[in-house]
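>>> Dropping the sequence and predicted coords here.
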Amino acid sequence: MSAVTAGESGPGTERLESELTVIPESSRTTDVRGQFWIWAGANIAPINWVLGALGVSMGLGLFETIAVLAVGNAIGMSVFGLFVVMGQRTGLTGMVLSRAVFGRRGAYVPAAVQALVCMGWCAVNTWIVLDLVMALLGRIGVVDPDNAAYGPRIAVAAIIMVIQVVIAWFGYRVIAAFERWTVPPTVAILLAMTVVAWFGLDVQWGYAGDATLTTGQHVAALSAVMTAIGIGWGITWLGYAGDYSRFVSTSVPSRKLFLASALGQFIPVLWLGALGATLATLSSSTDPGEIIVDAYGALAIPVLLLVVHGPLATNILNIYTCTVSTQALDIRIDRRVLNVVIGVVAMAVVVLFVINGDFASTIDAWLVGIVGWLSPWAAVMLVHWFVIARQQVDAEALVAPPSAGLLPTVRPTALAALAIGIVFTWMFMYGMIPLLQGPIANAMGGVDLSWLAGGLAAGLSYLALESVRSRQVQR
């Protein structure tokens, strides 16, 4: 049967999602615009402008920060595009595809980590929205912005969480429709906001950074920005890619899908990061709500009402990917039930964030932790896909039950390589808490090359271990 040519999915998609099976051509779309809007919507979020602001707040110059964002994201989103194509080719989610690499039960390891990561991000992003909403309510006099009471914040967070859970409940079709119809008007508002910021505010375009930084401190700051919102930002999305591109027909040229998805990520991340960096020259705060209110004053009211869409668009992906990652653990619970459970757990974490809201350290710890496992996982996946399997996998075998015995239970070489990569990632990591500051990063004065060291170590280790295994089998 041929793929559908309109809409976001064909008949029976909800059943297929519930069963976590291969998406057939009859239930796929040939329209890649939905992919662009999905990834654009997920990245039109306050976290991107606050991370862009961190570059300036760490002492980097304005255009220096923007250059790091551009180069890093061009590389990171290119790797992301490869994982999008893998999802399209196989019709499988990222964590089900992991079974080809780590084994039928060995893939439980990355699936469990991905599920936890998604729940954590859902909580973090909801908290960011909460901060913006409370700043808005304070601006219009609904609440006292100096009131530290937890009750109003938790109540607002609960409302936001319910909206996210309801949208994700209906699955890919509704998620794609939500992004397709809500992102364009949000882009228009962000464009107006950017024009006001860059032409109506006293942006210090010549800001050259902190002249007191030593060479070592300067390099460390550059590496931190590259990890947080440069190459590292693209890496954070690799585990999500196939969960949505599996609904795109294989008749769509890979180059077309690659560009639509990669640009959907690249454009808003660079845009919002640059906006955050310019706003940071006006405010000493790294808190997104304070930055936007300080910069826009009365204009913050319509801006904040519409920009709240960004984290909502991000979190419906977090909740959805969390459900399919949990299903990849062979947990036989309906996806919609999981959807609600995940929302409840994420809300509990939001409450913890409200009580202990050290924004900068929380965000940094999460981002570094995500890169800490995703970079090695991605390297092992890419080596297997392009070198070991040569882009050929038996998709039906990957969705068969463990009792079918069609796959190795565990592939020790892949798990060993992943472990090696994670160790190297930690050694080259320089987070904001001592536990996330590896010995080599410390020796280099805080330079963070965790994503590079972890990826190279894992990829090369897997290639070497598979070569040894192959020779032993041939004897």
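Cool, got the structure.
>>> For the helix or strand encompassing residue 311, which helices and strands make contact with it?
Residue 311 is located in helix 309-327, with elements delineated by DSSP states H and E. If you count contacts as 3 or more Cβ pairs under 8 Å, 6 or more residues apart in numbering; DSSP states H and E, helix 309-327 packs onto helix 33-43, helix 46-57, helix 94-97, helix 108-139, helix 150-169, helix 172-200, helix 241-245, helix 335-355. C-beta: built from backbone N, CA, C; applies to glycine.
>>> Out of the ones you listed, which gets nearest to residue 317?
helix 33-43 (5.3 Å; Cβ to Cβ).
>>> So which residues make contact with that closest one?
8, 84, 175-176, 178-180, 182-184, 186-187, 237, 244-245, 248, 257, 260-261, 263-265, 267-269, 272, 309-310, 313-314, 317 (Cβ atoms under 8 Å, 6 or more residues apart in numbering).
>>> middle-most residue in the chain, spatially?
Among the residues of the chain, the one closest to the centroid is residue 237, at 3.7 Å (Cα atoms, centre = their mean).
>>> What is the least confident helix or strand in the protein?
Least confident helix or strand of the chain, by mean pLDDT, DSSP states H and E, is helix 288-296 with a mean of 62.
>>> quick one on the thing from earlier: of the contacts of helix 33-43, select the buried ones using a PyMOL command.
Selection of the buried residues among the contacts of helix 33-43 in PyMOL, burial being defined by 16 or more other Cβ atoms under 10 Å:
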select buried, resi 8+84+175+176+178+179+180+182+183+186+187+237+244+245+248+257+260+261+263+264+265+267+268+269+272+309+310+313+314+317
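>>> these two touch, right, residue 74 and residue 266?
Yes. Here residue 74 reaches residue 266: they are 6.8 Å apart, a contact under Cβ atoms under 8 Å.
>>> Flag the shaky bits of the protein, pLDDT-wise.
1-16, 18, 140, 145-148, 284-300, 303-305, 307, 357-368, 475 (pLDDT under 70).
>>> just to revisit the earlier point, please state the backbone phi and psi of the residue nearest to the centre of the chain?
Torsion angles at residue 237 (phi, psi; degrees, to the nearest 10) stand at phi -100, psi 0.
>>> for the closest residue to it other than its chain neighbours, what are its contacts?
Nearest residue to residue 237 in three dimensions, chain neighbours excluded: residue 80, at 5.4 Å (Cβ to Cβ, 6 or more residues apart in numbering). By Cβ under 8 Å, 6+ apart, residue 80 lies in contact with 234, 235, 237, 238, 241, 261, 262, 265.
>>> picking that back up, ok, now which ones touch the residue nearest to the centre of the chain?
39, 42, 80, 265 are the contacts of residue 237 under Cβ under 8 Å, 6+ apart.
>>> Just name whatever secondary elements the strand or helix carrying residue 270 is in contact with.
Assigned by DSSP H and E, residue 270 falls within helix 254-280. Secondary-structure packing of helix 254-280 (3+ Cβ pairs under 8 Å, 6+ apart): helix 33-43, helix 46-57, helix 62-90, helix 172-200, helix 241-245, helix 288-296.
>>> just so I know, which of those lies nearest residue 466?
Nearest of the helices and strands packed on helix 254-280 to residue 466, taken as Cβ to Cβ: helix 62-90 at 18.4 Å.
>>> buried sites along that closest one?
For helix 62-90, burial by neighbour count (16+ other Cβ under 10 Å) applies to 62, 64-66, 68-69, 72-73, 76-77, 79-90.
>>> what's the distance between the residue nearest to residue 263 when sequence neighbours are not counted and residue 234?
Using Cβ to Cβ, 6+ apart and skipping the chain neighbours, the partner closest in space to residue 263 is residue 36 (6.7 Å). Note on residue 36: its distance to residue 234, by Cβ to Cβ, to the nearest Å, is 16 Å.
>>> Which one's more surrounded, the two?
residue 234 (27 against 22; other Cβ atoms under 10 Å).
>>> Pull up the gap between the more buried one and residue 325, please.
The value you get for residue 234 to residue 325, if Cβ to Cβ is used, is 19 Å.
>>> And for residue 81?
Residue 81 is 21 Å from residue 325, by Cβ to Cβ.
>>> List the residues that contact residue 198.
Residues near residue 198 by Cβ under 8 Å, 6+ apart: residue 278.
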